[in-house]
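Visitor: Everything below, folded, please.
(one chain, ligands or ions: 1)
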Amino acid sequence: MRILVAEDEKRIARFIRQALEEQGFGVDLTHDGDEAYLSATTQQYDAIVLDIMLPGRDGLSILRNLRAQGNATPVILLTARTELDERLEGLNLGADDYVTKPFYVEELIARIHAVTRRAEGERLSILQVADLSVNLITREVTLGTGAVDLTAREFSLLAYLMRAPGRVFPRTQILEHVWGYDFDPTSNLVDVYIQRLRKKIDPDGGRQLIETVRGVGYRFRAV
Ligand code: CA
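Guide: Below is the predicted model of the structure:
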């Protein structure tokens, strides 16, 4: 795991780096806000430890800009005891957590583990094929930048197929999984729902995200 640490108090910064490296983290250290922003926008980190008061760009402005660009890297703010307003503003801007100086480095490490685990969980809960994205937790479906409105059953069907792009699902298996009851095997329920789903996730019909496998069932295209 790679962590960016932006802290201008050099003694504290060195101390954090040493402790993180002992835990096996890779650490990029910077004492300057502009440099921190450049690193955060050009490199991939698992988390950013961000002091609020930095020379150059301050921590909150860095955070605001990252979030405005859609950068969701977990951020833990380092705040002074007196910076209550800044702390609240930071949380409102999308900071994942904060620690107040002086702090035990073990606490910072525990919080880094917590926010990166959370981020990993969120990443795993999103299914993405081309520009179609399905969030299994919030149940939001987006196509490009637009929201797709699905019924509960349509959502289950889509999520089921999208979990294994390229795999062929027989109609009977889809029925059992998505509807979960005994059914008339001659029912065309699956076909009806597939047609509806196709119209919603591929309105112009140009992409054929759900392929028909003749005589068997359906498969979500592996893009
Ligand atoms: Ca500072």
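
Visitor: how about the lengthiest helix in the chain: buried residues?
Guide: Criterion DSSP state H: the longest helix present in the chain is helix 105-124. Judged by neighbour count (16 or more other C-beta atoms under 10 Å), helix 105-124 contains these buried residues: 105, 108-109, 111-112, 115-116, 119. All C-beta spots, glycine's among them, are computed from the backbone N, C-alpha and C.

Visitor: for those, which one is nearest Glu154?
Guide: Ala119 (28.5 Å; C-beta to C-beta).

Visitor: check contacts around the closest one.
Guide: Contact partners of Ala119, counting by C-beta atoms under 8 Å, 6 or more residues apart in numbering, are 46-47, 72-74, 96.

Visitor: ok so, going back, and the ion, which of the buried residues of helix 105-124 reach it?
Guide: Here nothing survives when the buried residues of helix 105-124 are matched to the ion using C-beta under 5 Å from the ion.

Visitor: what would these look like in TSV with pLDDT?
Guide: Converted to TSV, the buried residues of helix 105-124 look like this (pLDDT from 0 to 100):
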residue	pLDDT
Val105	93
Leu108	96
Ile109	95
Arg111	95
Ile112	96
Val115	93
Thr116	92
Ala119	86
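
Visitor: which of these lies closest to the ion?
Guide: Leu108 (14.9 Å; C-beta to the ion).

Visitor: Is the closest residue to that closest one other than its chain neighbours in a helix, a strand, or coil?
Guide: Nearest in space to Leu108, with sequence neighbours left out and distances taken as C-beta to C-beta, 6 or more residues apart in numbering, is Val99 at 5.3 Å. Under DSSP: H, G, I helix; E, B strand; the rest coil, the three-state class of Val99 is strand.

Visitor: ok, Val99 - contacts?
Guide: 76-79, 107-108, 111 are the contacts of Val99 under C-beta under 8 Å, 6+ apart.

Visitor: go again using 10 Å as the cut-off
Guide: 49, 76-79, 105, 107-108, 110-112 (C-beta atoms under 10 Å, 6 or more residues apart in numbering).

Visitor: Write the ChimeraX selection for whichever of the contacts of Ala119 are buried.
Guide: ChimeraX command restricting those to the buried ones, with burial defined by 16+ other C-beta under 10 Å:
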select :46,47,73,74,96
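
Visitor: In strands only, show me the contacts of Ala119.
Guide: Ala47 (DSSP state E).

Visitor: between the contacts of Ala119, which is nearest Ala222?
Guide: Ala72 (25.3 Å).

Visitor: Okay, that closest one and the ion: tell me how far apart.
Guide: Going from Ala72 to the ion by C-beta to the ion, to the nearest Å gives 24 Å.
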